[in-house]
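Participant: Output the structure for:
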Amino acid sequence: MRTHRYKVQTGGFGLFLGIAAEATRLSAPPTNGTPVSNRVWLDASEVRNAYYGSRLTLTESEVASLQVGLGKVSGAIELVESSPYILIAVRALEIVEADYAEVSLAPAIAGWAESEWSLAPRRCSALRDSTTGQYTLHWDE
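Facilitator: Residues are numbered from 1 along each chain as shown. Sure, this is the predicted structure:
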């Protein structure tokens, strides 16, 4: 299991999220998880708080953010991975409430996958709207 830490500092504000996940190579479609692409699947059903060990139940929106992040790199994974199916299971999140925003899930899981498969990093910038405090992501495609 590998852990990737996503960090962004913008002015006096920042984002931080650590994500621990593992990839399982399968010869048949997974029985759990949801497809992100033809061969890459995501399982976020058993996620723990990395600091306290307690179970985290991710919202549909949080799972969708993970799917977006994996979707950004799934084509590259499929190019280098020969297994018919790849199940990526998120096992733990390092969340510091003051620095957590759901938007950070997408670049965190993409960064994890880039490390796992030695992929070229995709550039993703997080911009904070000073009026709303919300972050938006801009991916270099």
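Participant: wait, isn't Arg122 in contact with Gly71?
Facilitator: No. Arg122 sits out of contact with Gly71 when judged by CB atoms under 8 Å, with a separation of 11.1 Å. Where C-beta positions appear, they are placed from N, C-alpha and C, glycine not excepted.
Participant: By mean pLDDT, flag the weakest helix or strand of the chain.
Facilitator: Among the helices and strands of the chain, strand 124-128 carries the lowest confidence by mean pLDDT, DSSP states H and E, at a mean of 81.
Participant: List the neighbours of the longest helix seen in the chain that are in contact with it.
Facilitator: In the chain, taking DSSP state H as the definition, the longest helix is helix 60-80. When contacts are taken as CB atoms under 8 Å, 6 or more residues apart in numbering, the neighbours of helix 60-80 outside the stretch itself are 34, 36-40, 42, 44, 58, 86, 88, 90, 102-103, 105-110, 113-114, 117-120, 122, 124, 139.
Participant: ok, of those residues, which come out buried?
Facilitator: 36-37, 39-40, 42, 44, 58, 86, 88, 90, 103, 105-110, 113-114, 117, 119, 122, 124 (16 or more other CB atoms under 10 Å).
Participant: going on from the longest helix of the chain, what's the next piece of helix or strand?
Facilitator: Per DSSP states H and E, the first helix or strand lying C-terminal to helix 60-80 is strand 85-95.
Participant: where are the low-confidence patches of the protein?
Facilitator: Applying pLDDT under 70 to the chain picks out residues 11, 141.
Participant: go with 80
Facilitator: Judged against pLDDT under 80, the low-scoring parts of the chain cover residues 10-14, 98-99, 127, 130, 133, 141.
Participant: returning to what we had before: what's the angle between the helix or strand following the least confident helix or strand of the chain and helix 60-80?
Facilitator: Along the chain past strand 124-128, the next helix or strand (assigned with DSSP H and E) turns out to be strand 135-139. Put simply, strand 135-139 runs at 20 degrees to helix 60-80, going by axes from the mean of the first three to the mean of the last three CA atoms, to 10 degrees.
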